[in-house]
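> pasting a predicted model and its sequence here:
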Amino acid sequence: VDARNTGRPTEMYRATASDVTQHRLDILTAMGDALRRPAGHSEVVMVYQPQVDLATRRPVGVEALVRWTHPEWGPVPADELIAAIESSHIMHMLTSHVVHHVAGQLAAWNDIGVVTRASVNVSVNDLRDDGLLRALQTAVAATGIHPRQLMVEITEGALATDLSRITQAARAITDAGFALSLDDFGTGYASVQQLRRLPLSEIKIDRSFVSDFLSNRASQAIVHSVHGIGRTMGIVVVAEGIEDDATTQALSQLPGIIGQGWYLGEPMLPADFVEWWRKHVRD
Ligand code: C2E
Ligand code: MG
Ligand code: MG
Ligand code: MG
């Protein structure tokens, strides 16, 4: 299965701009229905994309990404889904579903010695109350995984609003033993000051800087400086969206850097992922 392409929009989905609101409402309603029906849960699956230590080419973890296939519409792209549900209660339901699902997957992988850590994406509204923390703790208790095995990815955009509240929520999550990552870094307005206040263990450089890393000096400068800041602060730096060998080679010059992208490994269903993992941890 080419999980990367399972998010391609259908004809129906590229209707006129004036349909956008209705379209979002349709997604919202249908996702809510799917999550409320146990049978509907099979429409929602997680795929896992490897994260690789570029110096050794060994996998160090995975990012879990949601894939939703509506029975009539077909696959709904993840960012379209999230945009439609983000400011509603359905977002909390999906996040909770994802957290439980991924924790269960990690527990199964613990038993067979595959993967040690998975990242889950959360939305800014997941950080407004303690619902996320409770979901994480319930999932850990139910599956017996270690909190350190779960990393929570927040986007830099989350820092634009209500920073003290976000910082507080982030602290509660890391105090409970979970790891925190700042996703899509460079696309928002996070300051170095904010980086210092957040208990981050990882920063992900947005793929826009990675895709033209070889050809654009400004992107090179940005990647180098984020890498430098990360190293100085003891934060792991991940380069997202690596699509070719030349970029992989160039980035691997940066000490300690982790890479993620189609060239290194596509998002995969669990069965495919286990096969991939076994092939790549072997010498
Ligand atoms: P993200 O968290 O930044 O995830 C990385 C996206 O880049 C994923 O898109 C992934 O499939 C894609 N990608 C990976 N390697 C490459 C590459 O080499 N080139 C390119 N062009 N793209 C690459 P995806 O799965 O469509 O997800 C899009 C966004 O939707 C994610 O961006 C994330 O913000 C959100 N998302 C996905 N799953 C979830 C989820 O379970 N919960 C929440 N709240 N958001 C999610
Ligand atoms: Mg992410
Ligand atoms: Mg990202
Ligand atoms: Mg993103």
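Everything's here; your move. Ligands and ions are numbered 1, 2, ... in the order given.
> which residues of the protein lie near ligand 1?
4, 7, 49, 65-66, 77-79, 82, 98, 121-123, 153, 183-184, 207, 241-243, 261-262, 267 (C-beta under 6 Å from any ligand atom). To be clear about C-beta, it is placed using only N, CA and C from the backbone, and glycine gets the same treatment.
> one more time with 5 Å, if that's ok
7, 65-66, 78-79, 82, 98, 121, 123, 241, 243, 261-262, 267 (C-beta under 5 Å from any ligand atom).
> any chance of TSV for these, columns distance to ligand 2, pLDDT and secondary structure?
Output for those, formatted as TSV (distance: C-beta to the ion, whole Å; pLDDT from 0 to 100; DSSP: H, G, I helix; E, B strand; the rest coil):
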residue	distance to ligand 2	pLDDT	secondary structure
Gly7	14	48	coil
Leu65	7	98	strand
Val66	11	98	strand
Ala78	10	98	helix
Asp79	11	95	helix
Ile82	11	96	helix
Val98	12	98	helix
Asn121	4	98	strand
Ser123	11	94	coil
Gly241	11	98	coil
Glu243	17	98	coil
Gly261	12	98	coil
Trp262	15	98	coil
Pro267	11	98	coil
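> from these, list the buried ones, please.
Buried residues within those, counting neighbours by 16 or more other C-beta atoms under 10 Å: 7, 65-66, 78, 98, 121, 123, 241, 261, 267.
> pull the most distant pair out of these.
Maximum pairwise distance in these, criterion C-beta to C-beta, is 23.1 Å, between Ser123 and Gly261.
> got the residues of the chain next to ligand 1 as JSON lines, with distance to Gly113 columns?
JSON lines is the format used below for the residues of the chain next to ligand 1 (distance: C-beta to C-beta, whole Å):
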{"residue": "Gly7", "distance to Gly113": "30"}
{"residue": "Leu65", "distance to Gly113": "23"}
{"residue": "Val66", "distance to Gly113": "26"}
{"residue": "Ala78", "distance to Gly113": "29"}
{"residue": "Asp79", "distance to Gly113": "33"}
{"residue": "Ile82", "distance to Gly113": "32"}
{"residue": "Val98", "distance to Gly113": "24"}
{"residue": "Asn121", "distance to Gly113": "26"}
{"residue": "Ser123", "distance to Gly113": "32"}
{"residue": "Gly241", "distance to Gly113": "29"}
{"residue": "Glu243", "distance to Gly113": "30"}
{"residue": "Gly261", "distance to Gly113": "25"}
{"residue": "Trp262", "distance to Gly113": "26"}
{"residue": "Pro267", "distance to Gly113": "22"}
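> and Ala3, what pLDDT?
We have a pLDDT of 53 for Ala3.
> ok, now Phe178?
In this prediction, Phe178 carries a pLDDT score of 98.
> give the contact list for it.
Listed by C-beta atoms under 8 Å, 6 or more residues apart in numbering, the contact partners of Phe178 are 136, 147-148, 150-152.
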